[in-house]
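>>> Got a sequence here, can you build the structure:
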Amino acid sequence: MTARAARMALTCAVLAVGLGATAAHANPYVAAEGVYAKAPALGITVGTLPSGANDAITDVTGVRVGQVTHIEGEGRLRPGVGPVRTGVTAIIPREDLWHRKVPAAVWALNGNGEMTGAHWVNEAGALEVPILLTDTLSVGRVDDGVVTWMIRHYPEIGVEDDVPLPVVAECDDQFLDDIQGRHAVAADAVAALDAAAAMPPEQGGVGAGTGMAAFQFKAGIGTASRVISVADGGYTVGVLVNANMGRRRQLLVDGVPVGRAISDVMPKRPTPDGSIIIVIATDAPLDHPELLALARRAALGLARTGATSMPGSGDLVIAFSTANVVPHYPQAATYPMTVLSRYHIDPVFTAAEDATEEAILNALLAARTMTGRDGNTVYALPHERLRTLLAEHR
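This next block holds a predicted model:
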């Protein structure tokens, strides 16, 4: 079996685990354990707003997510060879995004990280490409895959049409992964985009989150959503995070200092400062300045988990709205947009804060203990001990 065939077989195996979880639960999206683990299933209620049907970013109509996961090898690090603990997560805001762009904004809480294409998103006030997440040193290869995928869907790119600037964001997974090997490649970006679906994405150590840790527990991909009352517009806000940040003593769960209470099950050596990428989707009709303000509110949800945004951290947020269409090359000099008044936006801000906090917790709850390079192990947040701590504080 070739290395590529082995990778694809492993990816299929990882996807099969997720499908198995779906079959095993009447409502897998609020399972207490596994890749669909959710805070509400453990009695953790974040904020006051209800979640969407699946408590996921894909509750925003039209949003799709696809992932490719690579878990290969074990033992001592052989730079460029393995062990491999990485992957790709792709978020597609809507069909035909190239011609029907979405208003968008990018904001950096702390800028020691990379999100390619961010300058153009903020300059244009819109997003015209999918959002891809991966490990730090694989950004260039994933960027190349996005270009390949875009050209396949829009053959006039670079011939009779404009050229895209891919949006690829990263976190550092070197504690578990052979990051020098840049094992997330262009073909993985294409595969993740092709696999993107409206079903709730798997969480924890999957996709771009495969090698990630938060608060020195295993973490990675997490997602959540909130629905605003009909009186306030009935809008949905969904969040997806790649959580790879924080120190153990900082961790708060529902305001309880869990990190100080669970001081064991620690990695044998300190993990890097890490980063977090936060993706916010909404169907509320927001323009670029409002989306920039919305992105800033995600920092409040992050802060509720105890994270402090360290100097070595790349804490980057991208927010988009599916409520309007920014045309590719409008025939007329103007085009219409509906924009929510800033005097009515508070519930949307609240929804983003709550969904961000829960998405980070869900990344921790869904993740499983993982051992990577050199025997480095990051342990899962123990659910039963968490339940006990929360019960004691209540």
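
>>> what helix or strand is the residue positioned nearest the centre of the chain on?
Here the mean C-alpha position of the chain is nearest to the C-alpha of residue 241 (Cα atoms, centre = their mean), at a distance of 3.0 Å. Taking DSSP states H and E as the criterion, residue 241 maps to strand 236-245.

>>> what about the helix or strand following that strand, average pLDDT?
For strand 236-245, the succeeding helix or strand toward the C-terminus, using DSSP H and E, is helix 258-261. Per-residue pLDDT values over helix 258-261 give a mean of 97.

>>> How about residue 224: what's its closest non-neighbour residue?
Leaving aside its sequence neighbours, residue 224 sits nearest to residue 358 (Cβ to Cβ, 6 or more residues apart in numbering; 3.8 Å). Using the backbone N, CA and C atoms, a C-beta is placed for each residue, glycine as well.

>>> try residue 51
residue 225 (5.5 Å).

>>> Confirm that the one you found sits in a strand.
Yes - secondary structure of residue 225 (DSSP: H, G, I helix; E, B strand; the rest coil): part of a strand.

>>> list the contacts for it?
With contact set as Cβ atoms under 8 Å, 6 or more residues apart in numbering, residue 225 has these partners: 51-52, 54-57, 59-60, 236-239, 355.

>>> quick one, what contacts the residue nearest to the centre of the chain?
The contact partners of residue 241, by Cβ under 8 Å, 6+ apart, come to 221, 222, 223, 276, 277, 278, 279, 356, 359, 360, 363.

>>> Now the helix or strand harbouring the second one: average pLDDT?
In this structure, residue 222 sits in strand 220-227 according to DSSP H and E. Averaged across strand 220-227, pLDDT comes to 98.

>>> can I have it written out in CSV, keeping just the CAs?
Output for strand 220-227, consisting of C-alpha atoms alone and laid out as CSV, is shown next (Å, rounded to 0.1, in the frame of the first residue of the first chain):
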residue,chain,number,x,y,z
GLY,A,220,-8.9,20.7,18.5
ILE,A,221,-12.1,21.3,16.6
GLY,A,222,-15.2,22.4,18.4
THR,A,223,-18.5,23.9,17.3
ALA,A,224,-21.7,25.4,18.8
SER,A,225,-24.6,27.6,17.7
ARG,A,226,-27.1,29.9,19.2
VAL,A,227,-30.6,31.0,18.0
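
>>> Could you check the angle that strand makes with strand 236-245?
If you take axes from the mean of the first three to the mean of the last three Cα atoms, to 10 degrees, strand 220-227 sits at 160 degrees to strand 236-245.

>>> Tell me how far strand 220-227 lies from the chain's centre.
8 Å (Cα atoms, centre = their mean, to the nearest Å).

>>> Please apply the same query to stretch 280-291.
With Cα atoms, centre = their mean as the basis, the distance from the averaged C-alpha position of stretch 280-291 to the chain average is 18 Å.

>>> What is the end-to-end distance of that stretch?
Its start and end residues considered, stretch 280-291 measures 9 Å (Cα to Cα, to the nearest Å).

>>> With stretch 312-330 instead?
The distance separating the two terminal residues of stretch 312-330, taken as Cα to Cα, comes to 42 Å.

>>> Identify each buried residue in that stretch, please.
Neighbour-count burial for stretch 312-330 flags 313-326 (criterion: 16 or more other Cβ atoms under 10 Å).

>>> same deal with stretch 266-286?
267, 271-286.

>>> Need the mean per-residue confidence for that stretch.
Taken as a whole, stretch 266-286 has an average pLDDT of 92.

>>> can you give me phi and psi for residue 134?
Torsion angles at residue 134 (phi, psi; degrees, to the nearest 10) stand at phi -160, psi -170.

>>> Who is it paired with across the strands?
With DSSP bridges as the criterion, residue 134 is bridged to residue 170.

>>> So residue 132 sits against residue 92, correct?
No - in terms of Cβ atoms under 8 Å, residue 132 does not count as a neighbour of residue 92; the distance is 9.9 Å.

>>> Excluding sequence neighbours, find me the nearest residue to residue 49.
Using Cβ to Cβ, 6+ apart and skipping residues adjacent in sequence, the residue nearest residue 49 is residue 226, 4.3 Å away.

>>> wait, what's in contact with the one you found?
47, 49, 50, 51, 52, 236, 237, 350, 351, 352, 354, 355.

>>> In helices, which of those appear?
Taking DSSP state H as the definition of helices, the contacts of residue 226 contribute 350, 351, 352, 354, 355.

>>> need those in JSON lines with pLDDT, distance to residue 159 and neighbour count, can you?
Below are these laid out as JSON lines (pLDDT from 0 to 100; distance: Cβ to Cβ, whole Å; neighbours: other Cβ atoms under 10 Å):
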{"residue": "350", "pLDDT": "98", "distance to residue 159": "46", "neighbour count": "20"}
{"residue": "351", "pLDDT": "98", "distance to residue 159": "42", "neighbour count": "33"}
{"residue": "352", "pLDDT": "98", "distance to residue 159": "39", "neighbour count": "30"}
{"residue": "354", "pLDDT": "98", "distance to residue 159": "45", "neighbour count": "25"}
{"residue": "355", "pLDDT": "98", "distance to residue 159": "41", "neighbour count": "36"}
